[in-house]
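>>> Dropping a prediction and its sequence here:
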Amino acid sequence: LPQESSVFKKLTVEENVRIVLEPLGLAKKEINSRVGQLMEDLKISHLAGNRGHSLSGGERRRVEIMRALATNPHFILLDEPFAGIDPLSVADLQQIIGNLKKRGLGVLISDHNVRETLSVCDHAYIVSQGKILIHGDAEAIVGSEEARRMYLGENFTL
C-alpha cells in the first residue's frame, strides 16, 4: 500500500476491489465471492455502495488493504499504514494486521509511528542514514541505547 491514499474516489468500495479482479479473467461468480468475503473479513460490507471520496482515513486504509488482498498475495507491503488515521482506526488496523499474520501472510511495514508498528511486528529494523542501526523484537529495539539516542529518544516507552 502506498503512503498516500490510492482509493479511487469516484468508485464505490465494491468497485474499488472489482477493478483489481476483473482483469484476472475470473468468472463473475468467483469475483462476487471474493469481493463479498474480503468486505466481510475487513468489516466494510456496510460501506459497499459508498464512494471513495466519502470514506474516513481508516475506511480508506481498509479498502486499500482489501484491494491488495484481492489477488491472494503471499506478502503485503504497507507504507506508513498508520499515518493520518484516528486512534480507533489504528487499533482496527493493528487487529487486521494481526489477522493477516495468523493466516500466514507476510507483512512488511515501513512506518515512522514506532509504537503502533512495534505492537504488531515480530521483528523490526531501525534504519538511520541508509544503515541498519538495530534490529530485533520490540523489546530489543526499545532496550537499545543506540536506538534511543539516535531515533527513539531517552523517554520512549511502549
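Happy to help now that I have it.

>>> hey, let's count contacts and neighbours off CA atoms from now on
Will do.

>>> Surely His112 is in contact with Glu80?
Yes - at 7.0 Å, His112 counts as touching Glu80 under the criterion of Cα atoms under 8 Å.

>>> neighbour count winner among the two?
When His112 and Glu80 are compared for neighbours, Glu80 comes out ahead with 17 against 14, by other Cα atoms under 10 Å.

>>> Chain neighbours aside, what residue packs nearest to that one?
Asp111 (4.4 Å; Cα to Cα, 6 or more residues apart in numbering).

>>> all strands of this structure, in order?
With DSSP state E as the criterion, the chain has strands at 75-79, 106-110, 124-128, 131-136.

>>> just the helices in this structure please.
Secondary structure of the chain (DSSP state H): helices at 13-21, 28-41, 57-69, 87-102, 114-118, 138-143, 145-147.

>>> so which of these comes closest to Asn50?
helix 13-21 (5.9 Å; Cα to Cα).

>>> That closest one vs helix 57-69, what angle?
30 degrees (axes from the mean of the first three to the mean of the last three Cα atoms, to 10 degrees).

>>> so what's Val142 up against?
Contact partners of Val142, counting by Cα atoms under 8 Å, 6 or more residues apart in numbering, are 148, 152, 156-158.

>>> Repeat that for Phe156.
Listed by Cα under 8 Å, 6+ apart, the contact set of Phe156 reads 142, 148.

>>> how close does it get to Ser144?
Distance of Phe156 to Ser144, given as Cα to Cα, to the nearest Å: 11 Å.

>>> What of Arg61?
Remark: distance between Arg61 and Ser144 (Cα to Cα) = 32 Å.

>>> Pick out whichever of the two has more residues nearby.
More crowded of Arg61 and Ser144, by other Cα under 10 Å: Arg61, with 28 against 16.

>>> coming back round to it: arrange the strands of the chain in CSV, one row each, with distance to Pro23 and mean neighbour count as further columns.
Below are the strands of the chain laid out as CSV (distance: least, Cα to Cα, whole Å; neighbours: other Cα atoms under 10 Å):
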stretch, distance to Pro23, mean neighbour count
strand 75-79, 20, 17
strand 106-110, 24, 16
strand 124-128, 35, 16
strand 131-136, 39, 14
